[in-house]
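>>> Need a 3D model of the following:
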Amino acid sequence: MTSCTGTPVQISNSDLDRLNQRFDTAHPREILAWSIQNIPKGLVQASAFNVDDMVITDILYRDLQPVLPVPVLFLDTLHHFPQTLDLVAKARKIYNLNLKTYKVPEVDTRAAFATQYGEALWEKDIAKFHQLTKIEPLQRGLAELGTIAWITGRRRDQATTRVEMSVFELDSKQRIKINPLANWTRKDSWAYVFEHGVIYNPLHTQGYPSIGDEPLTTPVADGEDERAGRWRGTGKTECGIHI
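This next block holds a predicted model:
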């Protein structure tokens, strides 16, 4: 299982099955500790700095503290809320993050993006918007970082598309995708945050349980699904990076 070459680990379906049987109900710390031990190089956290991502970062950087800090890959879509960018800067300082930021090439501002690709591209072609701002930068980042396995903050209870999600799976490039919070609930994540004093985006307490790009994220009313405010009215449930 262990590889230090930056090339995909050869892992069979039976290996995945055994890992998922072992860790299906495990604490995220146990899953992350195994990942660090078995994939000491080529392990990456993909983070949007939502509360679940911050839980994982806290476990990695405050608790486990591997010899080689796990790179935290952040996609600067140029359309984030200011509060999200403030949190990124604060977390980078507090944890001394090995932060790796990726974005659309040769475009540095929201205005420049609009000039290059048109005003409100997300309204005209949301698939192209996500391809430019998320899918391509993510794949480029994972490749440049020599990723063997990448960690996400997804939970099974977040959306109907995630109910059957495994702790360990393979992505389209045969890299291992690790979902250490798969068996946790939103309540579990917040309990961890309050127990350990983890910093989080203030928008979470202002009606935004799940936070994406500012033009595509709206507040969620009581009783609505946690991700109801993402891409409201479009019928979308995922941006595409996990499909």
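
>>> in what helix or strand does the residue in the chain sticking out farthest from the centre lie?
The C-alpha centroid of the chain is most remote from Thr115, which lies 28.3 Å away (C-alpha atoms, centre = their mean). In this structure, Thr115 sits in helix 110-117 according to DSSP states H and E.

>>> Need the contact partners of that helix.
Leu78, His79, Val104, Val107, Ala120, Leu121, Lys128, Phe129, Leu132 (C-beta atoms under 8 Å, 6 or more residues apart in numbering). C-beta: built from backbone N, CA, C; applies to glycine.

>>> can you redo those as TSV with pLDDT and neighbour count?
As requested, the contacts of helix 110-117 are arranged in TSV below (pLDDT from 0 to 100; neighbours: other C-beta atoms under 10 Å):
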residue	pLDDT	neighbour count
Leu78	98	18
His79	97	18
Val104	97	19
Val107	96	17
Ala120	95	10
Leu121	97	19
Lys128	96	13
Phe129	95	23
Leu132	97	21
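
>>> mind listing what the residue nearest the centre of the chain touches?
The residue lying closest to the centre of the chain (C-alpha atoms, centre = their mean) is Ser47, at 3.6 Å. Contact analysis of Ser47 by C-beta under 8 Å, 6+ apart lists Asp53, Met54, Ile56, Thr57, Val72, Leu73, Phe74, Gly153.

>>> how about 6 Å then?
By C-beta atoms under 6 Å, 6 or more residues apart in numbering, Ser47 lies in contact with Asp53, Val72, Phe74.

>>> Please confirm that the first one is located within a helix.
This points to Asp53. Yes: according to DSSP: H, G, I helix; E, B strand; the rest coil, Asp53 belongs to a helix.

>>> How about the contacts made by it?
Ser47, Gly153.

>>> now it: how far from Phe74?
Counting by C-beta to C-beta, to the nearest Å, the gap between Asp53 and Phe74 amounts to 9 Å.

>>> got it, and Phe23?
26 Å.

>>> which of those two has more neighbours?
For Phe23 and Phe74, the more surrounded residue by other C-beta atoms under 10 Å is Phe74, and the numbers stand at 26 against 22.

>>> doesn't Lys103 make contact with the more buried one?
No: using C-beta atoms under 6 Å as the test, Phe74 is too far from Lys103 to be in contact (9.3 Å).

>>> So which residues of this protein form strands?
43-46, 72-75, 99-102, 149-151, 168-170, 176-178 (DSSP state E).

>>> gap between the fourth one and the chain center?
Translated: strand 149-151. Relative to its chain's centre, strand 149-151 lies at 10 Å (C-alpha atoms, centre = their mean, to the nearest Å).
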